[in-house]
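K.L.:
Structure, please.
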Amino acid sequence: MPDFCGYLTMDSGGKNIILFDGVCNLCNGFVQFVIKYDKDSIFQFVSLQSDFARQLFKEHNVSSDIDSVALLTSEGSLLFKSSAALKILGSLSLPWSLSRVFYIFPRFFRDMIYNFIARNRYKWFGKQDNCMLPTPELRSRFLQI
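P.N.:
Residues are numbered from 1 along each chain as shown. From the prediction side, this is the model:
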């Protein structure tokens, strides 16, 4: 699989869309965290296992077997790995927005740490059999259920 550490540019429809591993407990916890601290509801969510994600990646020649969080920004950039995580955290309110300071580290170094966590996430945090189903109150923030 190619290493998509940077970003591609595309039309996001003016939305910030977080693509996450829907069966990963760590990833689901991250989504819950973002929902809690995203006071202005600037993010929407879709699992990497969804038809939406597969179609998005196919249209832009990105491997559909990505095991990374991805962010399709409202500006149209598709970010992966640490770049996506830092952009998401940096968009939240204080103190989480302070995570922008980690951009001082080169992307290869940030992604090395990200990859280590990603490789071990199922072992450390577990895995679900099915993707998370949002509550009725949160359903509008998820693009595909």
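K.L.:
Where does the spatially closest residue to F20 that is not a sequence neighbour fall, secondary structure wise?
P.N.:
With CB to CB, 6 or more residues apart in numbering as the criterion, F20 has its nearest non-adjacent residue at 4.4 Å, and that residue is C27. C-betas here are computed from N, CA, C, even on glycine. Taking DSSP states H and E as the definition, C27 sits inside helix 25-37.
K.L.:
Surely the residue nearest to F20 and F33 touch.
P.N.:
No. Under the criterion of CB atoms under 8 Å, C27 makes no contact with F33, lying 10.4 Å away.
K.L.:
which one of the two has more residues nearby?
P.N.:
C27 (25 against 14; other CB atoms under 10 Å).
K.L.:
who's in contact with C24?
P.N.:
If you count contacts by CB atoms under 8 Å, 6 or more residues apart in numbering, C24 has them with 121-122, 125, 127-128.
K.L.:
try it again with 10 Å
P.N.:
Contact partners of C24, counting by CB atoms under 10 Å, 6 or more residues apart in numbering, are 30-31, 47-48, 67, 69, 118, 121-122, 125-128, 131-132.
K.L.:
Beta-bridge partners for it, please?
P.N.:
Here C24 sits in beta bridges with K127, as judged by DSSP bridges.
K.L.:
hmm, back to that, give me the buried subset of the contacts of C24.
P.N.:
Among the contacts of C24, those that count as buried by neighbour count (16 or more other CB atoms under 10 Å) are 30-31, 47-48, 67, 69, 118, 121, 131-132.
K.L.:
Now K58: which helix or strand?
P.N.:
With DSSP H and E as criterion, K58 is part of helix 51-59.
K.L.:
Buried ones in that helix, by neighbour count?
P.N.:
Of the residues in helix 51-59, those scored as buried under the neighbour-count criterion (16+ other CB under 10 Å) are 53, 56-57.
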